[in-house]
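Visitor: Below are the sequence and a predicted model for it; my questions follow.
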Amino acid sequence: MILTQKFQTKYDTAPFSQIKNEDFLPAFQEGIALAKTEIDAIVKNPAAPTFENTIEAMAFSGDILDRISSIFFNLNSAETNDELQKIAQDVSPLLSEFSNDIRLNTDLFAKVKAVYEQKDQLNLSPEQTTLLDKKYKSFSRNGANLSEDKKLQLREIDKELSKLSLQFGENVLSETNAFQMHLTDEKDLSGLPEGTIEAARALAKSQNQDGWIFTLDHPSYIPFLTYADNRVLRKKMAIAFGAKCFQNNEYDNQAIVLKIAKLRFDRANLLGYATHAHFVLEERMAQTPEKVTSFLQDLMAKAKPAAEREFKQLTQFAKELDGIEQLEKWDGAYYSEKLKQQLFNLDDEKLKPYFQLEKVLAGAFTIAQKLYGLTFTEIFDIDKYHDEVTTYEVKDENGNLVSIFYADFFPRKGKRNGAWMTSFKSQYIKDGVNERPHISNVCNFTKPTETKPSLLTFNEVTTLFHEFGHGLHGMLANTTYPSLSGTSVYWDFVELPSQIMENWCYEAEALALFATHYETGEMIPMDLVEKIKESASFQEGMATMRQLSFGLLDMGWHGQDPSGITDLKAFETQQFAATQLYPDVKENAMSTAFSHIFQGGYSSGYYSYKWAEVLDADAFDYFKEKGVFNKEVATKFKDNVLSKGGTEAPMVLYKRFRGQEPKPEALLKRAGLV
């Protein structure tokens, strides 16, 4: 079976064209059986437990299963279909059961505990100490110290949670795909960019329809809300977007959200934690819900006056321009864009010709070369899972392979919304061989049309750089154990490498490398660069309030006993009270499609985005002090942050790079909040 054997491919890359959907279930079953055999061998080893025969042996066990999982779940996000979704429903409980078999294996835990209790005498490296701590906690935090009946309870909760979060995600995807707005009257397109109209026309054509079709996918939805002059249609789109899985139909997620929150709370209680947030945050830089809440409240106190000023200015502007008496959510992006154009004479549509996708990507590659000595060469002799994916060989200054890089940039039916970085193979060192990682960036940018290449909005440029930053964290990984490699770090540290990359998008020296007009080849005018920089803090107060509202909603669901919550909408309204600027929309709810916290791994962790902004602003300040392409600072960042993965505590790594703890001043200054 191809998935469970060593791949006979260049660089051990995934042989996508040879994998059939029906291969997955038997491969998972075989992978689980192989991993169980490896665990049994550790348990039955008659020798006294040591770091090598127990902890290290576990760290390298299950590699075939890990590989199958990463290939399968990446396809289920980027290239799914009904069959794969059905397999995911069958496989998730098997995986959940298997990980519980390990975590609740008393004989295995006894061996881990024996090593853990003598750790002070073992003379371990920092990475080995971290691995030992994590292995011990993976048991203690998952019920190894529980009585048998409670272990059983935990298994049931975990099985149910894995099914519910899959169901949640499938419902969001179904609702996103279910809505289309079909327009046949050309005057309804007033205000929309040519590229957006062309894409909507192409979609209609592909469905044998006349006119134009708009959807809730970001490349269609965001330009519509930002530019469409027709307020009634903006309202229709915005309400449809906000009503995802909140329509009392077969895809409704209200009951699922309440159930997930309650099960997470029960699970935390079972393990001796006050709430799910207490459980999660023990393994984060922030450490406690109190610390997170006070961090969010503190930022809110600084951002709220600015947000209220900005909202008042926007309201006034919309009233003067179009006689709008009450600014609604579907007006926000539209009037913000108009106000931004008036204040800075900066129109995203004027900028787009300077941001051709291929050139922006080449720019990101050049910046990685200047900072970290990497070269990216497109290769055509490895398999890919879709024709639109491009593949690259990444090498260092000495010509050694650093990574394989997959780039997948356009929306399609089987791909979820948004942008993310992932890996098809982790980096690790075993038997003296440094296995290099296979990293992927997945985004949803506007496709090229018959007349135009893919041209990015500035926001999409920063998205590309953001995901590429995560990509570099994966590519430059240089650790011994796969579970500590690359982005396997605390969740409130993982956004530092991605968010710091966004800073180069605002620097003239960096823009000079890639921002050239797709038709004329002329450099982006410097006055536009200045305006991009000036406008970077435009409405930053409102943007901060929006992020804080999501963080507070997350803590609301997870930082208390949710048993008393029966009305999801009423609960949300209460959570949003302190951050609310726009009037509420009764047909809409946030939680029912809040995939970050109910399907992704961000529960009790949404605050991480803001937390990491403090880190990234402080870190980039250091670059600016020495020069944005300063090799010495870049090498320090690579050696102490990017290559180290989760081998040591994040604050230790950060201070080693920066020489001090991060201070929020740089962020407040950058955001124009002080």
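Guide: Sure thing, it's come through. Residues are numbered from 1 along each chain as shown.
Visitor: Quick check: E250 is in a helix.
Guide: No. Counting by DSSP: H, G, I helix; E, B strand; the rest coil, E250 is not found in a helix; it is coil.
Visitor: For A512, see how far away it is.
Guide: Per CB to CB, to the nearest Å, E250 is found 52 Å from A512. (Glycine included, C-beta is placed from N, CA and C.)
Visitor: more crowded one of those two?
Guide: When E250 and A512 are compared for neighbours, A512 comes out ahead with 14 against 8, by other CB atoms under 10 Å.
Visitor: Contact partners for that one?
Guide: With contacts taken as CB atoms under 8 Å, 6 or more residues apart in numbering, A512 has the following neighbours: M523.
Visitor: Can you give the strand pairings for the biggest strand by length in the chain, parallel or anti for each?
Guide: When the chain is parsed with DSSP state E, its longest strand is strand 401-408. With DSSP bridges as the test, strand 401-408 is paired with strand 390-395 (antiparallel), strand 438-442 (parallel).
Visitor: highest average neighbour count across the ones you listed?
Guide: strand 438-442 (a mean of 25; mean count of other CB atoms under 10 Å).
Visitor: Quick one: the strands in the stretch 301-450 of the chain, in order.
Guide: 375-378, 390-395, 401-408, 420-425, 428-430, 433-435, 438-442 (DSSP state E, counting those that start in this stretch).
Visitor: what does the first one rub up against?
Guide: Put plainly, it is strand 375-378. Against strand 375-378 from outside (CB under 8 Å, 6+ apart): F365, A368, Q369, T390, T391, Y392, E393, V394, K395, F405.
Visitor: Can you give me the end-to-end span of stretch 282-290?
Guide: 12 Å (CA to CA, to the nearest Å).
Visitor: buried ones in the top helix by length along the chain?
Guide: Ranked by residue count, the top helix of the chain under DSSP state H comes out as helix 289-322. Using 16 or more other CB atoms under 10 Å as the test for burial, helix 289-322 gives 289, 292-293, 295-296, 299-300, 302-304, 306-307, 310-311, 314-315, 317-318.
Visitor: same thing with stretch 193-213?
Guide: P193, G195, T196, I197, E198, A199, A200, R201, L203, A204, W212, I213.
Visitor: ok, so of those, who is nearest L528?
Guide: L528 lies nearest to P193 out of these, by CB to CB, at 17.3 Å.
Visitor: show me what contacts the closest one?
Guide: By CB under 8 Å, 6+ apart, the contact list for P193 reads P223, Y227, E349, K352.
Visitor: Look up how far D40 lies from it.
Guide: With CB to CB as the criterion, P193 and D40 are 60 Å apart.
Visitor: Also K663?
Guide: Distance of K663 to D40, computed by CB to CB: 51 Å.
Visitor: The most centrally placed residue in the chain: what's it in contact with?
Guide: Geometric centre of the chain, nearest residue: W420, 4.8 Å, by CA atoms, centre = their mean. Applying CB under 8 Å, 6+ apart, we find W420 in contact with S77, N441, V442, E467, H470.
Visitor: change it to 10 Å
Guide: N74, S77, A78, S440, N441, V442, C443, E467, H470, G600 (CB atoms under 10 Å, 6 or more residues apart in numbering).
Visitor: Now flag whichever of those residues is closest to F265.
Guide: G600 (18.9 Å).
Visitor: So what's the residue count around the closest one?
Guide: Neighbours of G600 (other CB under 10 Å): 15.
Visitor: how far away is it from P448?
Guide: Applying CB to CB to G600 and P448 gives a distance of 29 Å.
Visitor: nearest spatial neighbour of S643, skipping sequence neighbours?
Guide: Among residues not flanking S643 along the chain, N478 sits closest, at 4.1 Å (CB to CB, 6 or more residues apart in numbering).
Visitor: is it true that that neighbour touches L642?
Guide: Yes. Counting by CB atoms under 10 Å, N478 does reach L642; the two are 8.8 Å apart.
Visitor: Overlap of the contact sets of these two?
Guide: Residues touching both N478 and L642 by CB under 10 Å, 6+ apart: G486.
Visitor: ranges for the helices of the stretch 551-674 of the chain?
Guide: 568-576, 595-598, 608-626, 631-637, 650-658, 665-670 (DSSP state H, counting those that start in this stretch).
Visitor: Number of residues surrounding V652?
Guide: 12.
Visitor: and what of N398?
Guide: Considering only other CB under 10 Å, N398 is surrounded by 6 other residues.
Visitor: surely it meets G373?
Guide: Yes. N398 lies in contact with G373 (CB under 10 Å); the separation is 8.8 Å.
Visitor: Quick one: closest of the helices of the stretch 551-674 of the chain to A59.
Guide: helix 650-658 (20.0 Å).
Visitor: got the contact list for that closest one?
Guide: With contacts defined as CB under 10 Å, 6+ apart, helix 650-658 is touched by 126, 284-285, 489-490, 492-494, 496, 615, 618-619, 621-622, 633, 636-642, 644-649, 660-662.
Visitor: can you check stretch 660-668 too?
Guide: Counting contacts by CB under 10 Å, 6+ apart, the residues touching stretch 660-668 from outside are 285, 295, 298-299, 302-303, 496, 540, 544, 610-622, 624, 651, 654-655, 673-674.
Visitor: mind running it again at 7 Å?
Guide: With CB atoms under 7 Å, 6 or more residues apart in numbering as the contact definition, stretch 660-668 has outside contacts at K302, E613, V614, L615, A617, D618, D621, M651, Y654, K655, V674.
Visitor: Are any of the residues you listed buried, and if so which?
Guide: With burial judged by 16+ other CB under 10 Å, the buried subset of those is K302, E613, V614, L615, A617, D618, D621, Y654.
Visitor: Switch the residues you listed over to CSV; also include distance to W504 and pLDDT.
Guide: Listed next are the buried ones among the contacts of stretch 660-668 as CSV, based on distance: CB to CB, whole Å; pLDDT from 0 to 100:
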residue, distance to W504, pLDDT
K302, 26, 91
E613, 16, 92
V614, 19, 91
L615, 16, 95
A617, 14, 96
D618, 16, 96
D621, 14, 96
Y654, 20, 96
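Visitor: of these, closest to L132?
Guide: Nearest member of the buried ones among the contacts of stretch 660-668 to L132, counting by CB to CB, is Y654, at 22.4 Å.
Visitor: quick revisit: between N478 and L642, which has more neighbouring residues?
Guide: Each of N478 and L642 has its neighbours counted (other CB under 10 Å); L642 has more, 25 against 20.
Visitor: Nearest residue to that one in space, please, no chain neighbours.
Guide: L476 (4.4 Å).
Visitor: mind checking how far the nearest residue to D252 once chain neighbours are set aside is from Y506?
Guide: Using CB to CB, 6+ apart and skipping residues adjacent in sequence, the residue nearest D252 is C245, 5.8 Å away. Separation of C245 from Y506 (CB to CB): 36 Å.
Visitor: Compare those two (neighbour count), which wins?
Guide: C245 (24 against 19).
Visitor: in terms of contact, does F241 touch Y221 like I think?
Guide: Yes. The pair F241 / Y221 is scored as a contact, 6.1 Å apart, by CB atoms under 7 Å.
Visitor: Give the closest residue to E534 in space, chain neighbours not counted.
Guide: F344 (6.0 Å).
Visitor: Isn't that neighbour up against V529?
Guide: No. Using CB under 7 Å, F344 is not in contact with V529, being 11.7 Å away.
Visitor: So which of these two has more stuff around it?
Guide: A side-by-side neighbour count of F344 and V529, using other CB under 10 Å, places V529 first with 20 against 16.
Visitor: Near M181, how many other residues are there?
Guide: So M181, with other CB under 10 Å, has 18 neighbours.
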